[in-house]
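Student: Would you be able to build a 3D model of this:
(2 chains)
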Amino acid sequence: MSETHAEAGLAYVRETMLPPLEPPLTETGAIKWIRENLLSSWLNVILTAASIFVIWFLLSHIIPWLWHTVWNAGSLNECREVRDALWGPDVPSACFAVIHERWNQFLFGFYPAELYWRPVLALVLFFVALAPVLFSEKVPGQLLVVTVVYPFVGPWLIWGGSFWFPGLIALGFVAAWLAWRLTSSRWGAIVGTLAAIAAAVVWWGVLTPLLDDGINRLVGGLKMEATEARLAEAVETLPQRISALEETRDALDIRIREAEERKAELIAQIVEARANGRVDALDTLRTELLAQMRLLTDLRLERQELSQRIGRLSAELSETSGLLSSIRSLPERLAALPELKRKERELRDALPPEAAALGRLVPIPPDLPAEAAEALKAWRAAADAVTTAEQSIQHTYAAVALTGLKPVTSREIGGFMLALIIGIAGIVLSLPLGILLALGRQSELLIINKSSVAFIETIRGVPLIVWLFTASLLLNYFLPPGTNFDLMLRVIIMVTLFAAAYIAEVVRGGLAALPRGQYEAAAALGLDYWKSMRLVILPQALKISIPGIVNTFIGLFKDTTLVVFIGLLDPIGLTNTVRADSAWNGIYWELFVFIGALFFIFCFGMGRYSIYLEKKLHTGH
Amino acid sequence: MTTVTDPRSESFRLSQLIYDTRYRSLTIQAVAMALIVLMLSWLVSNTVQNLQALGKDFDFGFLFERAGYDINQRLIEYDSNSTHGRAALVGILNTLLVAFLGCVTATVLGIFAGVLRLSKNWLVSRLMAVYVEGFRNVPLLLWIIAFFAIMTEAMPAPRAFRTGEAEMALFDTVAVTNRGVYIPAPVLHDGAGVLITVLLASLAGIWAFRRYARRLQDETGRILPVGWISLAILVLPNLVAYFLLGRPITLDYPELGGFNFKGGLHLRNSLIALWLALSVYTGAFIAEIVRAGILSVSKGQTEAAYALGLRPGRTMRLVILPQALRVIVPPLISQFLNLTKNSSLAIAVGYMDVRSTLGGITINQTGRELEGMLLLGGFYLAASLIISAVMNFYNASIKLKER
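Tutor: So this is what the prediction gives:
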């Protein structure tokens, strides 16, 4: 090239590029970014100023408060004492010591401390069971076995009981499946479905209680003597263990008192040092005070655990001696039962017909002749006695036969564990139900369509709180007289129905968004209704509905806090328990911040997962 | 040539009910119907038996009995000698009040936050993102309790106003205390009715003028300064009437008297906390809806509007908003419904809504759980259906008119 230039007679041609000049200062780096993003127009300048003001306002309140956090204290007053000593009285200071002290309570409610491994294991297993469903491409398919077994193992871990009971429940599904296999091939799907439902209902409603009782009697009979010996020994040894623990507790009390005195001394020294202006001594004293508070808190937590253990041992003692006496009286009660039954039969046969028609539950009308009323009352008392005797025998056998995990009642479950149990159960159960309801609402069969619409609209039109009150106040009206089942189970059922109605609407949106051609193509391939739904329609419709479904789940998880109004101890309910303790009376923000943060983590995490899933399943361009 | 063969007229066999698609749907429906009827009759018979065992009957007569309890916030006349039915009505009005206030503020907040989240200003959009995510992912109940705690714990006691530790806001007209907020109350004197009539008339005038201006523009292309003229129609006649009638509406300002504020309108903490919490919580959801709605209008629409020579304001009003509203309105309706239903969380702060009166104290006093809960559920269901019917009507009117 240069030659051509030279030939052209040009004196000088620059052959290399000039290095580019630095752009002007206002067009590079941070300044450019600020100009473009914060100060591009007058409106933006105002907005930026306003935002800075808001952020400054919030942070200037929150940061000093968080910075001066007291982590170790036994009461709100002690928190303030420590704050006064460390930073002075006017400093805003958070007292997260309350979370430190009540940590276990916030997570587990009043679940027995030595059994914490059970809900933790249940949670871990839940994630193992969930992994093959959520991350199907990264996890071996064999893990699906855990997924299938988990619905029976998980609740068993949490509530405890004999190991055969979850097995009996699981067999109900096997019975339904067998009934389906046997009947559907010969008489078609409708009969098969009905047979499966009937088999499951018969299995759970009739056979399971009978089988459970039978196994209890068998195992209980076998274990009776060994159990009696064990219990008798326990009744001997338990009081000794309790008194030993009580001695430890007393020793601990003395140490706590000493530590408290030392704390008071340190605080007094700090106050004095500050008054005298001895700044060098202040720092060491402060460190010492913090260490002392840590020690004190450890001691107190130890004492708290100890006294809980003593309480549980005392409860166990009274339980054991109760069971022991009922074991010892068992032969007697068994022998007395036929006599009770005979008496009841005699009284029943002697009833005048107008009294016999009233049965056991109906209140005695005032116009019944006095004689008949007396006879009726006597028979009812005898019948009640038979029922009570039978039940107490059954209970004794069940208690002796118990092989597996120690039972825990729903009343002891609380805190985030409760929210998670209700939330997870509601989520897992409501998805299939919601999909069925959505299909029902899309169905061309008039009755199924209308009943789905009525169900969905009724559930959605009424607030969850009203449904929860229905569960706690009214459910006993709708069930056969005398049934009384767990409040937590009722709540789970209600929450499930509630979420299912919302999911049904979300899925319906997805179904409606599919082009009509998809339905027609599935029909053209010769697929029947369920196959076309399963293989063609639902995979696409559910993919569209993912954001809505996850939003419903997030809403459900947040709504678990509402159970506080019917007396369950969810995290918000526990804040009232904490404040009812005179030591923590008047503490608000720390509790709110803690609970809010935990809920935020869960819900935000679910939201992020839905975004991940949307991206993963995105098959468009 | 095709031959059409009639289906062989064979006699109907029972198995056709299961295998023949012509009859199968009938079978399925009959079976479903039977199951549903069986289920319902089981529930009803259980209920009848249980009621009988408890010696109760099913009767709504309690609505006409004396209630015997007080309600601290009432929009209509009520005292403890009124009936349970009246108490339920007071509760219903309280529910509707907080739902209405909440819907209005939540919409305003949501539109602001949704638009600002799309702002090019990095700081503002991040701030709004924090607001939206923070409020959406934390239970509403916690927000209600937190707002209530802010009102009762962090606000000054009325005593503090006497000692000068706290001051009234907005030129000494509004007092925010830990017992509630006191605001000026309007007092109607003689002639207030005339003034209100004038106000309504001026509103009607604005509506008529806007119709006229629109027709004028359609026919001749002339554009009138609609905004200014509307403002004049609104302000001038009312101002003139106000002074001509001798100031028929005055404000009653709250004043510190004794241990508490007297005069003015007392907004209780329960109302304030519920209202604010419902507004900011639902506002966060509405912000997301608004953002999605605006994003759903493709950029080409804006560019096309600019190409036509429309200014940014008109582009927004005439091109973007009508299209965005079509996406925004349906989910907005369900947010309004959610807010109305969520107002039942009033129980957390002791606000006397319909659940607290009819579904709470009345049930406890009369022992009529079944009837009370049925009425309560019926009210919420009716309210939901009415709101969604009204909003669906509005939605249909702005919907894309397709051929």
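Student: Name the nearest residue to residue A:249, ignoring sequence neighbours.
Tutor: Nearest non-adjacent residue to residue A:249, counting by Cβ to Cβ, 6 or more residues apart in numbering or on different chains: residue A:306, 5.0 Å away. Every residue, glycine included, has its C-beta placed from N, CA and C.
Student: residues touching residue 279, list them.
Tutor: Defaulting to chain A. Listed by Cβ atoms under 8 Å, 6 or more residues apart in numbering or on different chains, residue A:279 has no contact partners.
Student: hmm, I had chain B in mind actually
Tutor: Taking Cβ under 8 Å, 6+ apart, we find residue B:279 in contact with B:101, B:102, B:105, B:106, B:109.
Student: ok, of those residues, which one's closest to residue A:39?
Tutor: Within the contacts of residue B:279, proximity to residue A:39 (Cβ to Cβ) peaks at residue B:109, which comes in at 25.8 Å.
Student: which other helices and strands contact the helix or strand that the closest one is a member of?
Tutor: Here residue B:109, judged by DSSP states H and E, is contained in helix B:84-117. Counting contacts by 3 or more Cβ pairs under 8 Å, 6 or more residues apart in numbering or on different chains; DSSP states H and E, helix B:84-117 is packed against helix B:122-136, helix B:269-296, helix B:321-342, helix B:354-356, helix B:369-398.
Student: between those, which one is nearest to residue A:103?
Tutor: Using Cβ to Cβ as the measure, helix B:122-136 is the one of the helices and strands packed on helix B:84-117 that comes nearest residue A:103, at 23.9 Å.
Student: Is that closest one positioned near chain A?
Tutor: Yes: shown here: helix B:122-136 in contact with chain A (Cβ under 8 Å from any Cβ of the partner chain) through B:122, B:123, B:124, B:127, B:133, B:134, B:136.
Student: Now do the same contact list for the nearest residue in space to the first one that is not next to it in sequence.
Tutor: What it means is residue B:122. Using Cβ to Cβ, 6+ apart and skipping residues adjacent in sequence, the residue nearest residue B:122 is residue A:37, 4.1 Å away. Counting by Cβ under 8 Å, 6+ apart, residue A:37 makes contact with B:120, B:121, B:122, B:123.
Student: run the last query once more with 7 Å
Tutor: The contact partners of residue A:37, by Cβ atoms under 7 Å, 6 or more residues apart in numbering or on different chains, come to B:120, B:121, B:122.
Student: And residue A:319, by the same measure?
Tutor: For residue A:319, the contact set (Cβ under 7 Å, 6+ apart) is empty.
Student: So residue B:196 versus residue B:188, what's the distance?
Tutor: According to Cβ to Cβ, to the nearest Å, residue B:196 stands 9 Å off from residue B:188.
Student: For the stretch 1-150 of chain B, which residues score under the pLDDT cut-off?
Tutor: Within the stretch 1-150 of chain B, the segments meeting pLDDT under 70 span B:1-10, B:18.
Student: Report the distance from the longest helix seen in chain A to the chain centre.
Tutor: Among the segments of chain A that qualify as a helix by DSSP state H, the longest is helix A:208-276. What separates the centre of helix A:208-276 from the centre of its chain is 27 Å, taken as Cα atoms, centre = their mean, to the nearest Å.
Student: what do you get for stretch A:154-162?
Tutor: 14 Å.
Student: what residues does the stretch 451-600 of chain A put near chain B?
Tutor: Proximity of the stretch 451-600 of chain A to chain B (Cβ under 7 Å from any Cβ of the partner chain) is limited to residues A:451, A:458, A:461-463, A:465-466, A:469-470, A:473-474, A:476-481, A:558, A:561-562, A:565, A:572, A:588, A:592, A:595-596, A:599-600.
Student: if you set the cut-off to 8 Å instead, what comes out?
Tutor: The interface of the stretch 451-600 of chain A toward chain B, taken as Cβ under 8 Å from any Cβ, is made up of A:451, A:457-458, A:460-466, A:469-470, A:473-474, A:476-481, A:554, A:558-559, A:561-562, A:564-565, A:572, A:575, A:588-589, A:592, A:595-596, A:599-600.
Student: out of the residues you listed, which are inside helices?
Tutor: A:451, A:457-458, A:460-461, A:464-466, A:469, A:476-478, A:554, A:558-559, A:572, A:575, A:589, A:592, A:595-596, A:599-600.
Student: one step back: just the buried ones from the residues of helix B:122-136 next to chain A?
Tutor: The neighbour-count test (16 or more other Cβ atoms under 10 Å in any protein chain shown) marks B:122, B:123, B:124, B:127, B:133, B:136 as buried among those.
Student: Find the residue closest to the residue in the stretch 301-450 of chain A that chain B sits nearest to in space, skipping its chain neighbours.
Tutor: Using Cβ to the nearest Cβ, the single residue of the stretch 301-450 of chain A nearest to chain B is residue A:361, 4.0 Å away. The shortest distance from residue A:361 to any non-neighbouring residue, by Cβ to Cβ, 6+ apart, is to residue B:53 (4.0 Å).
Student: Which element, helix or strand, includes the spatially closest residue to residue A:211 that is not a sequence neighbour?
Tutor: Leaving aside its sequence neighbours, residue A:211 sits nearest to residue A:168 (Cβ to Cβ, 6+ apart; 5.9 Å). For residue A:168, the element it lies in under DSSP H and E is helix A:164-202.
Student: circling back: quick check, nearest of the contacts of residue B:279 to residue A:285?
Tutor: residue B:109 (49.6 Å).
Student: Now do the contacts for that closest one.
Tutor: B:279, B:280, B:283, B:286, B:287.
Student: For residue A:137, give its distance to residue A:601.
Tutor: Using Cβ to Cβ, one gets 26 Å for the distance from residue A:137 to residue A:601.
Student: More neighbours: those two, which one.
Tutor: More crowded of residue A:137 and residue A:601, by other Cβ atoms under 10 Å in any protein chain shown: residue A:601, with 11 against 5.
Student: how about low-confidence regions in chain A?
Tutor: Counting by pLDDT under 70, chain A has low-confidence residues at A:1-8, A:620-621.
Student: likewise the stretch 301-403 of chain B?
Tutor: Filtered on pLDDT under 70, the stretch 301-403 of chain B yields the residue ranges B:399-403.
Student: So what's the residue count around the closest residue to residue B:247 other than its chain neighbours?
Tutor: Excluding its sequence neighbours, the residue lying closest to residue B:247 (Cβ to Cβ, 6+ apart) is residue B:189, at 7.8 Å. Using other Cβ under 10 Å, the number of residues around residue B:189 comes to 12.
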